[in-house]
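Q: Here you go, sequence then predicted model.
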Amino acid sequence: MALVLMIAGVLYCVIASLIALRLHRLNGKKYPQQQWQPLVSVIVAVRNEVPVLMPCLQSLAGLDYPADKLQILIVNDDSRDASGAHIDAFCGAHPQMQAIHLKQDEKKLPGKAGAVLRAMDQATGEVIFLTDADCQVPPAWIQSLLNAFSPHTGLVGGFTVLRALETPNRSFDDIQTLDWLFLLGIAAVAMDMNKPLSWMGNNMAFRRSAYEAVGGYPALGHSLIEDFTLLDAISRRSNYSVAVQPDHAAVVASTPVPSLGLLYQQRRRWAMGIRPVRPLGKLLMLSSAIMHCLLLAGLFFAPWISGLFTMGKMASDYQIIRIMAGHTNSRISLVAFIAFEWFYGLYSLIIPFSLLFDRRIKWKDQDFSVHG
C-alpha cells in the first residue's frame, strides 16, 4: 500500500509540475496585433437569465469593433421568465443586436446547441464568437481573439474567470473560482498542444469554414457539451488547428453557480463528455481519482506517507492555480484553497460513480437522458 501510494504520489506531482511549467510559458505568449478585421457574428443563447442578462447585454454593446463588421445575435431559447422582453427592449436600442425568439418545438437539436444552430442560420460572419448570458465580455474581446488566428487556425479559446455580481456566498464562490482556474489551466495546456481535452464555450471563436468542414452541429448530433464537441471535431477531423489566447484583453467574466445542487449538475454534465476525450484526458481523470482513493485509504494504512503526499499534491495543485490566478487577477485565500482540495477530491470520486447509475442530466430546468 505504501509503495503504491508513493509511486502514484510522485507521478501526480511530476505531471502537475510539467503542466505548471508549460502553463507558465503559455501565459507569456504574445500574439501580434493583426490588421485582419473580418465580418464577425456573436451568438448568445439565453434561457431564463433575467438576473444576469443585462450586464451581459451591456458588455456586448460596449465591444470595440467596427459596427459595420459586427453582428450580435441574441437567441431567446423559449425562456419562461421576462428574458424575451428584456432582449427585445435592448436590441431595439442597439441596431447591431438582433433578437431571435425560438420555441422549444422549433429546435432542431436539444439544449444550447439547438439555439446556437438557429442563430447560425442567420449569422453572416466569417468568424463566429460564442459567449453565455451569464458572462461579461471585455471591450477588446473580439480583436484579441482574432489576433490568435493564423490562416490554419480554426478555433481560438480565451480564459474565463468567475466574478459574482453579488457575494452572498463568498466562500462558495471562492471554491468554485479555484476549481475553475485549476481545470482551465490543465485544459489550456492540452489545447496549446493541439490535443484539447475541454474548453469553456462561453469564450470561444471559430471560423465558419472550420465549422462547415466538420458538418456543423447537425453532423455532430446531440450533445450537452456542444462547445467541446465542436472543438474536438475541428481539432481531429479538419485541417485546422486550435489555439489559446491568454491575453488579458480576451478574459471573459462569468457568474458562479448559486447552489451546490446546480454545481453538482454542472459537473455531471461536464463529466458526461469523457467518452470522446482523448486518452490523455482519460488518463488524467483516472489518475486523479486513483490518487484521491489512495490518499483516503492511506489515512488508515499509511498515515504518515498519506499526509506527506497530501501536502505534495496540494503544493502541485497550487502551482497551477497560482499561475492562472496571477494571470487573470483572481484572488486565492488559504481557507478557500484547502476547501477546494476537499471539494475537488470528493467530486472526482463521487461523480464518476453517480454516472454509472444515473444517466440523466439536468440543464436549464430541462431533463435529458444520455446514453452510451
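A: Okay, I see it. Numbers count the residues shown, from 1 in each chain.
Q: the helices in the stretch 101-250 of the chain, which residues?
A: Under the criterion DSSP state H, counting those that start in this stretch, the stretch 101-250 of the chain carries helices at the ranges 111-120, 141-147, 170-192, 208-213, 216-220, 226-237.
Q: so what does the fifth one touch, helix or strand wise?
A: Where contact means 3 or more CB pairs under 8 Å, 6 or more residues apart in numbering; DSSP states H and E, helix 216-220 is packed against helix 111-120, helix 226-237. Placement of C-beta: from N, CA and C, glycine included.
Q: Measure how far it is from the centre of its chain, please.
A: Relative to the mean C-alpha coordinate of its chain, helix 216-220 is positioned 20 Å out (CA atoms, centre = their mean, to the nearest Å).
Q: quick one: buried residues of that helix?
A: 216-217, 220 (16 or more other CB atoms under 10 Å).
Q: count of residues packed around Gly154?
A: 26 (other CB atoms under 10 Å).
Q: So for it, what's the pLDDT?
A: Gly154 carries a pLDDT score of 96 in this model.
Q: what's the answer for Leu165, then?
A: On the pLDDT scale, Leu165 gets 61.
Q: and if you look at the one 5 residues further on?
A: Reading off the confidence values, Arg170 has pLDDT 78.
Q: for Cys13, same thing?
A: 80.
Q: Might one say that it is in contact with Ser316?
A: Yes. Contact criterion CB atoms under 8 Å: Cys13 and Ser316 qualify, at 4.6 Å.
Q: picking up where we left off before, take the helices of the stretch 101-250 of the chain and write them to JSON lines, including distance to Val42.
A: As requested, those are exported to JSON lines (distance: least, CB to CB, whole Å):
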{"stretch": "helix 111-120", "distance to Val42": "9"}
{"stretch": "helix 141-147", "distance to Val42": "8"}
{"stretch": "helix 170-192", "distance to Val42": "21"}
{"stretch": "helix 208-213", "distance to Val42": "13"}
{"stretch": "helix 216-220", "distance to Val42": "17"}
{"stretch": "helix 226-237", "distance to Val42": "15"}
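Q: Contact partners for His24?
A: Ile323 (CB atoms under 8 Å, 6 or more residues apart in numbering).
Q: so which helix or strand takes in it?
A: For His24, the element it lies in under DSSP states H and E is helix 2-27.
Q: So which residues of the stretch 251-372 of the chain form strands?
A: 252-254, 360-363, 366-369 (DSSP state E, counting those that start in this stretch).
Q: one step back: out of the helices of the stretch 101-250 of the chain, which is closest to Pro55?
A: Pro55 lies closest to helix 141-147 among the helices of the stretch 101-250 of the chain, at 14.3 Å (CB to CB).
Q: That closest one - contacts with which helices or strands?
A: Using 3+ CB pairs under 8 Å, 6+ apart: helix 141-147 touches strand 40-46, strand 127-132, strand 153-158, strand 204-207, strand 241-245.
Q: Let's have these in a markdown table, adding distance to Phe228.
A: Listed next are the helices and strands packed on helix 141-147 as a markdown table, based on distance: least, CB to CB, whole Å:
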| stretch | distance to Phe228 |
| --- | --- |
| strand 40-46 | 16 |
| strand 127-132 | 12 |
| strand 153-158 | 10 |
| strand 204-207 | 10 |
| strand 241-245 | 11 |
